[in-house]
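Novice: Next come a sequence and a model predicted from it.
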Amino acid sequence: MISIIIPVYNQANKLIKTLASINAQSYHNFEVIIVNDGSSDGVEALCGRYMQSLNSANYYMFISQPNQGAPAARNRGFQEAKGEYIFFCDADAILHPQALEILLAYLEANPSVSYAYSSFMWGKKLFKLSDFDPNKLRRMPYIHTMSLIRRVDYPLGGWDESIKKLQDWDLWLTMLEEGKVGVYVPQILFTVTPGGTISSWLPALAYKYFPFLGAVKKYNKAVKIIKEKHGLA
């Protein structure tokens, strides 16, 4: 079974579309754990109405907690997860109808790897990823949070709740240090709606030629924190 864990903070309308794309999956053996991280947009009532309307045998759980950030929300969801596979899904993402089936097939075909990841769209912008490369991963973040992870290989400490940005990079580096690697699925398996977790995306040239921009400064600071933590500075 796949445990789908969704942290949500003030994205109620987007979340309903995410849930609809999950309900439409070709792979049906999953549970959904939604962690409301202190939202004030009525997400609990909206989710309640949506889940009541579902004609589904799958298990859905809704948890509310004070705002603590996405890593804490993911950790809270993991505490309730029962599946042998874990999928941390963003509340602003729409899954390809075969996303779970395809990711699981790649894991089953590659028993030595710990997680499977794919390319994705951010609005109309394609984020085309590449084959797993430990050296590249040490240099830069290039694997999205929304990867299918074997539970047995998931780090005991979970998500580092002190990390505010580039949390996925931190997780994959932690797993790499434990000898855990990933496999790339050369397909576009989800679309992220702009305005959510990576809405401050900038073209690569901005980071090279406009270091004075606020978003670039924050990014560079986050990179420094991750590299120092993992001895990559």
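Specialist: Thanks, I have it. Numbers count the residues shown, from 1 in each chain.
Novice: quick one: residue 127 and residue 232, what's the gap?
Specialist: According to Cβ to Cβ, to the nearest Å, residue 127 and residue 232 sit 22 Å apart. To be clear about C-beta, it is placed using only N, CA and C from the backbone, and glycine gets the same treatment.
Novice: Which secondary structure elements does the longest helix belonging to the chain sit against?
Specialist: Criterion DSSP state H: the longest helix present in the chain is helix 214-229. If contacts are counted by 3 or more Cβ pairs under 8 Å, 6 or more residues apart in numbering; DSSP states H and E, helix 214-229 sits against helix 167-177, helix 204-209.
Novice: if we can go back for a sec, residue 127 and residue 232: which has the busier surroundings?
Specialist: Neighbours per residue, other Cβ atoms under 10 Å: of residue 127 and residue 232, the larger number sits with residue 127, 15 against 12.
Novice: what about the residue lying closest to the more buried one once chain neighbours are set aside, how many neighbours?
Specialist: Nearest non-adjacent residue to residue 127, counting by Cβ to Cβ, 6 or more residues apart in numbering: residue 120, 5.3 Å away. By the criterion of other Cβ under 10 Å, residue 120 has 23 neighbours.
Novice: Report the strands that pair with the helix or strand hosting residue 120, each with its relative direction.
Specialist: Using DSSP states H and E, residue 120 maps to strand 115-122. Here strand 115-122 has these sheet partners by DSSP bridges: strand 125-127 (antiparallel), strand 148-150 (antiparallel), strand 182-192 (parallel).
Novice: Please enumerate residues in contact with it?
Specialist: 93, 99, 102-104, 106-107, 110, 126-129, 143-144, 146-150, 153, 175, 180, 182-192, 194, 198, 201 (Cβ atoms under 8 Å, 6 or more residues apart in numbering).
Novice: beta partners of the residue lying closest to residue 110 once chain neighbours are set aside?
Specialist: Distance criterion Cβ to Cβ, 6+ apart; nearest residue to residue 110, sequence neighbours excluded, is residue 183 at 4.7 Å. On the basis of DSSP bridges, residue 183 is bridged to residue 116.
Novice: Residue 183: what's it in contact with?
Specialist: 106-107, 110, 113, 115-117, 132.
Novice: Could you identify the buried members of these?
Specialist: When the contacts of residue 183 are checked for burial by 16 or more other Cβ atoms under 10 Å, the buried set is 106-107, 113, 115-117, 132.
Novice: Which single one of those is nearest to residue 89?
Specialist: Each of the buried ones among the contacts of residue 183 was scored against residue 89 by Cβ to Cβ, and residue 117 proved nearest at 13.0 Å.
Novice: I'd like the buried ones among the contacts of residue 183 laid out as a markdown table, including pLDDT and distance to residue 160.
Specialist: Formatted as a markdown table, the buried ones among the contacts of residue 183 follow (pLDDT from 0 to 100; distance: Cβ to Cβ, whole Å):
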| residue | pLDDT | distance to residue 160 |
| --- | --- | --- |
| 106 | 98 | 26 |
| 107 | 98 | 24 |
| 113 | 98 | 22 |
| 115 | 98 | 17 |
| 116 | 98 | 22 |
| 117 | 98 | 19 |
| 132 | 98 | 21 |
